[in-house]
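[1] can't give you the sequence, but here's the structure:
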Ligand SMILES: [Zn+2]
């Protein structure tokens, strides 16, 4: 069986604990390196500027 590319739900906020960066500091979805960060409910949310994938870090 060939390896499937994982699809990410861009409306979801992933937890870093459950989904560590495949490459540190890079977006898992698009491999982008630019993020904007904001705080929601005392959690630090990192959003990829390129694709919008969000991760709580
Ligand atoms: Zn991305």
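    Looks like it came in fine. Please read all numbers here as calculations on a predicted model, not as lab measurements. Residues are numbered from 1 along each chain as shown.
[2] buried ones in stretch 31-43, by neighbour count?
    By 16 or more other C-beta atoms under 10 Å, the buried positions in stretch 31-43 come out as residue 35. No exception for glycine: its C-beta is placed from N, CA and C like everyone else's.
[3] that one and the ion, any residue contact?
    Yes. Contact of stretch 31-43 with the ion is found when judged by C-beta under 5 Å from the ion, involving residue 32.
[4] which residues sit against that stretch?
    23, 25-27, 44-51, 56 (C-beta atoms under 8 Å, 6 or more residues apart in numbering).
[5] export those to a markdown table and tack on neighbour count, secondary structure and distance to the ion?
    Formatted as a markdown table, the contacts of stretch 31-43 follow (neighbours: other C-beta atoms under 10 Å; DSSP: H, G, I helix; E, B strand; the rest coil; distance: C-beta to the ion, whole Å):
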| residue | neighbour count | secondary structure | distance to the ion |
| --- | --- | --- | --- |
| 23 | 9 | coil | 12 |
| 25 | 8 | coil | 12 |
| 26 | 14 | coil | 8 |
| 27 | 23 | coil | 3 |
| 44 | 12 | strand | 17 |
| 45 | 17 | strand | 14 |
| 46 | 19 | strand | 10 |
| 47 | 18 | strand | 9 |
| 48 | 22 | strand | 3 |
| 49 | 12 | coil | 8 |
| 50 | 14 | coil | 5 |
| 51 | 15 | coil | 3 |
| 56 | 16 | strand | 15 |
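[6] and of the residues you listed, the nearest to residue 15?
    Nearest to residue 15 out of those is residue 56 (C-beta to C-beta; 5.3 Å).
[7] which non-adjacent residue is nearest residue 6?
    Excluding the flanking residues, the one nearest residue 6 by C-beta to C-beta, 6 or more residues apart in numbering is residue 28, at 7.6 Å.
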